[in-house]
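Take a look and give me a structure for this.
(one chain, ligands or ions: 2)
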Amino acid sequence: MKKDLLTISDISREDIEGIFNHAKFLKEKFRAGETYHPLKGKTLGMIFKKASTRTRISFESGMYQLGGHALFLGAKDLQMDRGESIADTAKIFSLYLDGIVVRTFSQDEVEELASNASIAVINGLTDQHHPCQILSDMFTIMEKFGRLKGVKVAYMGDGNNIANSWLDGASKMGMNLSISTPPDYKPNSEIIKRAVAVAQKNGGKIELTDDPFEGVMDADIIYTDVWTSMGQEDEYDKRLKDFKGFQVNTKLVGAAKKDVKIMHCLPAHRGEEISADVIDGEKSIVFEEAGNRLHVQKAILEILMGGK
Ligand code: CP
Ligand code: NVA
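Ligands and ions are numbered 1, 2, ... in the order given. Purely as a prediction, here's the structure:
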């Protein structure tokens, strides 16, 4: 695998299969309560400019479980907040640490950090991508369906980070992906173009629609995300109106396959993008999905930092 994990489009299908195989091994060890310390003596720096529950905790505890140490650095903790350049920060981090997880606004910032660091940089979410989330989600789907190829995911909501990473991931693994968004909230057109071409090569299909009922037709999985992402709080009222009709509720779920599974990257806002009865209902696998963040990210850490 390359030095960094910045987007799913940067890594190969074989890399993804390697991550899944190792995540399965790590999950079994975790469940058996076995100690496994391949990252003994290694330190991970975690730069977070946005809030996080799952990503922060799973990386931090994952690093501990692998025998290493994680250093959490909030938005205000670094000299970067007072104008030190990203390039200098990357060079300094490379003198002390073995890897970096970064959650920030712009993808360019993550790219700049990675190109100036000699250690692994892992994207923990930007406005444009959330690779660790979608890798974990695909791992969860593998567990449930025993395959990815031909499985149809119907994504509902905003065409931003989660949708973009789904486009990259699904196309690479030959999945069928439909993305339903209001007309003004489509994913990045370059990413769509790239995904359509990659999907074609891998026997998958990418569809875009502004009709949620068309989107969920024959879906094996319905997947949603918040309507107002971090940093967009000023648009909350407008988005409530614009996304009306895209809620994942009993009626919409009824239009998909009978045994459809419900996924959500979380955090969820019940009554907005998803109704409480659906997210808390029997078709929902959202907590298993969240649990797998730990195992998949531990695999990523060991592969990138432990030379696995
Ligand atoms: N899904 C996800 O990344 O959650 P957090 O924002 O809590 O990390
Ligand atoms: N789209 C959401 C994802 C949160 C995990 C956000 O960026 O806030």
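
quick one: low-confidence parts of the chain?
307-308 (pLDDT under 70).

what are the ranges of the helices in it?
For the chain, helices defined by DSSP state H occupy the ranges 13-32, 54-65, 86-96, 107-116, 131-145, 161-172, 189-202, 212-215, 236-242, 250-253, 276-279, 286-305.

Now do the third one: which elements does it pack against?
I take that to be helix 86-96. strand 43-48, helix 107-116 (3 or more CB pairs under 8 Å, 6 or more residues apart in numbering; DSSP states H and E). To be clear about C-beta, it is placed using only N, CA and C from the backbone, and glycine gets the same treatment.

Buried by neighbour count: which residues of the last one qualify?
Applying a neighbour-count criterion of 16 or more other CB atoms under 10 Å, the buried positions in helix 107-116 are Q107, E109, V110, E111, E112, L113, A114, N116.

Correct me if wrong: the fifth one contacts I86.
Yes - counting by CB atoms under 8 Å, E112 sits close enough to I86 to count as a contact (4.7 Å).

For the helices of the chain, could you give me TSV that also reports distance to ligand 1?
TSV is the format used below for the helices of the chain (distance: least, CB to the nearest ligand atom, whole Å):
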stretch	distance to ligand 1
helix 13-32	17
helix 54-65	3
helix 86-96	21
helix 107-116	15
helix 131-145	5
helix 161-172	8
helix 189-202	19
helix 212-215	21
helix 236-242	17
helix 250-253	21
helix 276-279	14
helix 286-305	7
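
quick one, which of those helices is packed in tightest?
Of the helices of the chain, the one with the most neighbours on average (mean count of other CB atoms under 10 Å) is helix 161-172, at a mean of 26.

for that one, packing partners?
helix 13-32, helix 131-145, strand 152-156, strand 176-180, helix 189-202, strand 205-209.

And the furthest pair within the buried residues of helix 107-116?
Farthest apart among these by CB to CB are Q107 and N116. That separation is 15.2 Å.

where's the residue in the stretch 201-308 of the chain that ligand 1 sits nearest to relative to ligand 2, distance?
Nearest residue of the stretch 201-308 of the chain to ligand 1 (CB to the nearest ligand atom) works out as C265 at 4.1 Å. The gap separating C265 from ligand 2 is 5 Å, by CB to the nearest ligand atom, to the nearest Å.

Would you check that that residue makes contact with D225?
Yes - under the criterion of CB under 8 Å, C265 makes contact with D225 at 5.4 Å.

what's the overlap in contacts for the two?
Common neighbours of C265 and D225, using CB atoms under 8 Å, 6 or more residues apart in numbering, are I162.

beta partners for H264?
For H264, the beta-bridge partners under DSSP bridges are T224.
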